[in-house]
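Participant: Got a sequence here, can you model it:
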Amino acid sequence: MSANLKAQIGSLRTHAALPNPFLKATVQMEDMVRASAVPGVLLRLGALMSADSWHTRQTVAALRRGMLPIVGDGSAYVSLIHAEDAASAIAGALEHADAASGRTYNIVDGAPAPMADVFRFAASAVGAPAPKSVPPFLARMAVGALTLDIMAASYRMSADRAKSELGFAPRYPTYRETWTQIAKALANTEIALSL
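Facilitator: Now for the predicted structure:
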């Protein structure tokens with residue numbers, strides 16, 4: 001699954017047609033929030049990154065061991081958001097609750113990038129070997145179809161609306177700043193890989 005997430009959501013109006021259960025559940029949740037009588041705002045977070053999160057630490061551990069490959073040519077886009085910036089965006093939505101009510105905002109850094117670029121930069125930042133590429137069929141055999149679909153999905157999102165309406169200004173504006181901060185925070189930290 002390498003189609004742009006925005007196009008998938010925009011073009012699919014029935015939940016049965018959605019390509020994977022996570023995307024289907026996300027759209028169902030958004031529909032429920034929109035249908036609720038309680039005022040609300042939807043914040044769509046990019047891939048949440050933080051040096052103290054389990055999944056980021058596992059990513060670092062896998063990179064250090066050369067166990068996090070690029071699937072295919074790595075052209076699928078990923079949109080990240082540092083946890084500190086996500087918290088800032090949530091606070092901004094609360095501060096602008098009247099203007100934000102009923103709206104949907106993408107909360108991501110300012111630079112969606114191909115997965116290959118992100119993985120290569122992250123590996124370099126944490127002092128790991130450059131990640132190798134594996135063909136999708138091999139990745140599917142190793143992790144399963146659903147995990148591969150999630151890993152290979154292309155998520156190119158923009159936070160322009162959040163920036164203009166909520167004053168959102170990420171402290172970590174690209175994956176480079178995010179991964180540089182993570183690498184510094186974990187420089188002398190040994191991380192066990194959970195398999």
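Participant: okay, now Ala139: neighbour count?
Facilitator: A count of nearby residues for Ala139, using other C-beta atoms under 10 Å, gives 20. Yep, even glycine has a C-beta here, placed from its N, CA and C like the rest.
Participant: what's the helix or strand for it?
Facilitator: helix 136-143 (DSSP states H and E).
Participant: tell me which residues in that helix are buried?
Facilitator: 139-140 (16 or more other C-beta atoms under 10 Å).
Participant: So which residues lie in contact with that helix, not counting its own?
Facilitator: Helix 136-143 is contacted from outside by 69, 71-72, 134, 148, 151-152, using C-beta atoms under 8 Å, 6 or more residues apart in numbering.
Participant: avg pLDDT for it?
Facilitator: Averaged across helix 136-143, pLDDT comes to 87.
Participant: how about stretch 157-173: buried residues?
Facilitator: 157, 159, 162-163, 166, 168, 170, 172.
Participant: end-to-end on it?
Facilitator: Terminal residues of stretch 157-173 lie 13 Å apart, using C-alpha to C-alpha, to the nearest Å.
Participant: One more: stretch 151-165?
Facilitator: 31 Å.
Participant: So for that stretch, mean pLDDT?
Facilitator: 89.
Participant: Now tell me what touches stretch 36-54 from outside.
Facilitator: In contact with stretch 36-54 (C-beta under 8 Å, 6+ apart) are residues 30, 33-34, 56-57, 78-84, 86, 89-90, 93, 97, 100-109, 155, 157, 178-179, 181-182, 185-186.
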